[in-house]
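Engineer: I need the structure of the sequence given here:
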Amino acid sequence: MREILAGVCAIQRDPGYFTINIVRNIPRTQVDEMKAELEQHLREAVRDGKTVTDVVGAL
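Structural biologist: Now for the predicted structure:
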């Protein structure tokens with residue numbers, strides 16, 4: 001998983017349709033907490049036989 005240094009990475013499902021812009025000035029501790037929570041959800045999904053796409057949707 002790519003490390004997030006300045007907040008939420010930009011995600012684009014379809015050009016011009018869905019974009020989350022890079023968010024800045026988020027405290028590093030909060031970024032680390034969000035990363036840990038996502039990793040936990042992904043581990044639980046794999047344990048339950050789901051895919052990453054089931055958790056985050058198609059990119």
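
Engineer: what residue ranges in the protein score low on pLDDT?
Structural biologist: In the predicted model, the chain carries pLDDT under 70 at residues 1-25, 59.

Engineer: any idea which helix is longest in it?
Structural biologist: For the chain, the longest helix by residue count, based on DSSP state H, is helix 28-47.

Engineer: I'd like the next helix or strand past it.
Structural biologist: Per DSSP states H and E, the first helix or strand lying C-terminal to helix 28-47 is helix 52-56.

Engineer: helices or strands next to that following helix in the packing?
Structural biologist: helix 28-47 (3 or more Cβ pairs under 8 Å, 6 or more residues apart in numbering; DSSP states H and E). Any C-beta I mention is one placed from the backbone N, CA and C, and that applies to glycine too.

Engineer: okay, now Val52: neighbour count?
Structural biologist: Around Val52 there are 14 other residues, counting by other Cβ atoms under 10 Å.

Engineer: which parts of the longest helix of the chain are buried?
Structural biologist: Residues of helix 28-47 classed as buried by neighbour count (16 or more other Cβ atoms under 10 Å): Val31, Leu42, Ala45.

Engineer: looking at the residues you listed, which is nearest Val55?
Structural biologist: Taking Cβ to Cβ as the measure, Ala45 is the one of these closest to Val55, at 4.6 Å.

Engineer: contact partners for that closest one?
Structural biologist: Counting by Cβ atoms under 8 Å, 6 or more residues apart in numbering, Ala45 touches Thr51, Val52, Asp54, Val55.
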